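In: sharing a model that was predicted from the sequence below.
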Amino acid sequence: MSQNPVPARPTAAFVGASWVALIIAIGAFGIGLWNAELVPSEKGFLGTLLLLGLFSAIAVQKSVRDRAEGVPVTAIFLGLSWAMVLTSLVLVAAGLANAPLELSEKGFFGLGFAMALFSVVAVQKNVRDLAAAGPAPAAPKPAVEPDVKATVWQ
């Protein structure tokens, strides 16, 4: 295993934005599915594809990062991870193309799916960077104010 420098700690703003984007993407996709005029099997298909896409995107991010850091990753695992990301994208595209939805609704689901995949990769990166960076440095303590009674002349 090679020696790698400790990654820089991601900023709280980036960590927060990543989590907010993931929550918005999954929430919007879920609310859209709940309200869509689709049969339950179509809703289940699209929901399952979202879960497959999220999990496989995390697996790809972890595998690529492991390889970059010199951690052994089998080619079959990396290949299957990429295959599942591509499979989820193709199946979502096919499912939306055949769904009885307006074009704007199809675009909504497509963008929500893409946003979810991107944001889950950012969240995974942040989780890993924060774990590698170790505990957050302690905030400097404010200077102790002198006791007013002790400094007053009597």
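Out: Thanks, I have it.
In: got any ranges where this protein has weak pLDDT?
Out: Applying pLDDT under 70 to the chain flags the ranges 1-7, 142-154.
In: from residue 77, how far off is the residue sitting nearest the centre point of it?
Out: Geometric centre of the chain, nearest residue: residue 120, 1.6 Å, by CA atoms, centre = their mean. Distance of residue 120 to residue 77, given as CB to CB, to the nearest Å: 18 Å. Quick note: C-beta positions are derived from backbone N, CA and C, even for glycine.
In: let me see the contact set for the residue nearest to the centre of the chain.
Out: Residue 120 sits next to 22, 54, 57, 58 when contact means CB atoms under 8 Å, 6 or more residues apart in numbering.
In: and the gap between it and residue 105?
Out: Distance from residue 120 to residue 105, by CB to CB: 23 Å.
In: from memory residue 33 sits against residue 46, does it?
Out: Yes: using CB atoms under 8 Å, residue 33 is in contact with residue 46, at 6.0 Å.
In: which residue of those two possesses the greater neighbour count?
Out: More neighbours surround residue 46 than the other of residue 33 and residue 46, with 22 against 18 (other CB atoms under 10 Å).
In: what's the local residue count around residue 14?
Out: By other CB under 10 Å, 13 other residues sit near residue 14.
In: scratch that, residue 136
Out: With other CB under 10 Å as criterion, residue 136 counts 9.
In: element containing it?
Out: Residue 136 is part of no helix or strand when elements are defined by DSSP states H and E.
In: tell me the contacts of the closest residue in space to it that isn't next to it in sequence?
Out: In this structure, residue 136 finds its nearest non-sequential neighbour in residue 9, 7.2 Å apart by CB to CB, 6 or more residues apart in numbering. Each residue near residue 9 by CB under 8 Å, 6+ apart is listed here: 129, 130, 133, 136.
In: rerun at 10 Å
Out: Counting by CB atoms under 10 Å, 6 or more residues apart in numbering, residue 9 makes contact with 15, 126, 129, 130, 132, 133, 134, 136, 137.
In: which among the residues you listed end up buried?
Out: Buried subset of the contacts of residue 9 (neighbour count, 16 or more other CB atoms under 10 Å): 15, 126, 129.
In: name the SS class of the nearest residue to the residue nearest to the centre of the chain once chain neighbours are set aside, please.
Out: Distance criterion CB to CB, 6+ apart; nearest residue to residue 120, sequence neighbours excluded, is residue 54 at 4.9 Å. Three-state call for residue 54 (DSSP: H, G, I helix; E, B strand; the rest coil): helix.
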